[in-house]
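S.K.: Predicted model, plus sequence, below.
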Amino acid sequence: MSESATALDHEGEVRESGLVEHLERRAAEFWDTVKGETERGHRYNTGRITGRDGYDEGFRLYRLLREMKPRVAVETGVCNGVSTAFLLLALERNGDGELHSIDLPEIAGEQYEPGTFWDGKGGAVIPPGRDPGWMIPADLRGRWSLVLGRSQDELRPLLEGTGEIDFFMHDSEHSYDCMSFEFDTAWEALRDGGALIADDVNLNPAWDEFTTRVGRRSQPLGSKLALIVK
Ligand SMILES: C[S@@+](CC[C@H](N)C(=O)[O-])C[C@H]1O[C@@H](n2cnc3c(N)ncnc32)[C@H](O)[C@@H]1O
């Protein structure tokens, strides 16, 4: 099968699963209940990965995991759970693998101590009364575990527990320091041939500096989403 036929095949699997319709219903619920802006002045939003027709990046993540069949995957930054849902759907279809996520959620309308979130944080929030990942379909949650807290505090202990990992995705705090910390820490735990992904790679030099240092070519998965292979 040609590469584009395989890509379509994987997109077809996602579409047949009903995940896109499910996420659309959840998104409508989000926009019905969440209005306003953060204390830092950013309009509330879902923070989700996106793409040309809204789900391109999700399809690409799904395809990557269907092809590489990771046993242990780790991501930071769950929020409402769009990327997480695509990753979990792929693991479910693979019939193998586990996903460990870390998230420090911001809840719409809540007040936070100064310094809880980094100054550059945008408006990604979850609705009041919801947990991070609330958009993920119930039948995809069996392979998922979620750690609540700052990735700067939680990533090392999580990786000590998982041992070697096959896949890592950063989509949490997009500060230079946090991105650099996550790339360094995840790289140590990543097996040779494993995938390191980051969203918002254009916000600061962390990704470019890291990929240059480890001598890997960055491959685009979206306008701000990129991949390197160890
Ligand atoms: C861009 S959103 C993630 C979106 C998600 N990947 C998706 O596609 O739906 C970023 C999430 O990371 C959380 N976050 C911010 N700072 C964090 C930190 N230091 N550690 C862990 N999570 C953090 C945010 O509150 C938010 O829930």
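M.R.: Structure's in. What do you need?

S.K.: burial measure for L146, as a count.
M.R.: Summarising burial for L146: neighbours were counted as other CB atoms under 10 Å, giving 17. Where C-beta positions appear, they are placed from N, C-alpha and C, glycine not excepted.

S.K.: Distance of the closest residue to it other than its chain neighbours relative to L87?
M.R.: Closest residue to L146 apart from its sequence neighbours, by CB to CB, 6 or more residues apart in numbering: S101 at 5.1 Å. In this view, S101 and L87 are 9 Å apart by CB to CB, to the nearest Å.

S.K.: Find residues that contact each of these two.
M.R.: E75 (CB atoms under 8 Å, 6 or more residues apart in numbering).

S.K.: what's the next secondary structure element after the helix or strand where the residue nearest to L146 lies?
M.R.: Take DSSP states H and E as the rule and S101 turns out to sit in strand 98-103. Counting by DSSP H and E, the element after strand 98-103 in chain order, helix or strand, is strand 144-148.

S.K.: angle of the helix or strand just after that next one against strand 144-148?
M.R.: Using DSSP H and E, the helix or strand that follows strand 144-148 in sequence is helix 151-162. Using axes from the mean of the first three to the mean of the last three CA atoms, to 10 degrees, the inter-axis angle of helix 151-162 relative to strand 144-148 is 140 degrees.

S.K.: The longest strand along the chain and the ligand in contact?
M.R.: For the chain, the strand with the greatest residue count under DSSP state E is strand 190-198. No - using CB under 6 Å from any ligand atom, strand 190-198 stays clear of the ligand, coming no nearer than 10.4 Å.

S.K.: Over to stretch 213-230?
M.R.: No - if you take CB under 6 Å from any ligand atom as the test, stretch 213-230 misses the ligand, and the best it gets is 9.7 Å.

S.K.: Next, the buried residues of that stretch.
M.R.: Neighbour-count burial for stretch 213-230 flags S218, L221, G222, K224, L225, A226, L227, I228 (criterion: 16 or more other CB atoms under 10 Å).

S.K.: Tell me the one among the residues you listed nearest to the ligand.
M.R.: L225 (9.7 Å; CB to the nearest ligand atom).

S.K.: picking that back up, which of the buried residues of stretch 213-230 scores worst on pLDDT?
M.R.: In terms of pLDDT, the weakest of the buried residues of stretch 213-230 is G222, which scores 91.

S.K.: So which elements touch the lowest-mean-pLDDT helix or strand in the chain?
M.R.: Ranked by mean pLDDT, DSSP states H and E, the weakest helix or strand in the chain is helix 3-17, scoring a mean of 83. If contacts are counted by 3 or more CB pairs under 8 Å, 6 or more residues apart in numbering; DSSP states H and E, helix 3-17 sits against helix 56-68, helix 82-94.

S.K.: show me where pLDDT drops low in the chain?
M.R.: 1-2, 5, 8, 52-53 (pLDDT under 70).

S.K.: Within range of the ligand, give me the residues from it.
M.R.: Residues of the chain lying near the ligand (CB under 6 Å from any ligand atom): 47-49, 76-83, 102-106, 117, 121, 124, 150-152, 171-173, 178.

S.K.: Turn the buried ones among those residues into a named PyMOL selection, would you?
M.R.: The buried residues among these can be selected in PyMOL (16+ other CB under 10 Å) with this line:
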select buried, resi 47+48+49+76+77+78+79+80+81+82+83+102+103+104+105+106+117+121+124+150+151+152+171+172+173+178
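
S.K.: measure T50 to A28 for me?
M.R.: 16 Å.

S.K.: which one of the two has more residues nearby?
M.R.: Neighbour count, other CB under 10 Å: between T50 and A28, T50 has more, with 18 against 10.
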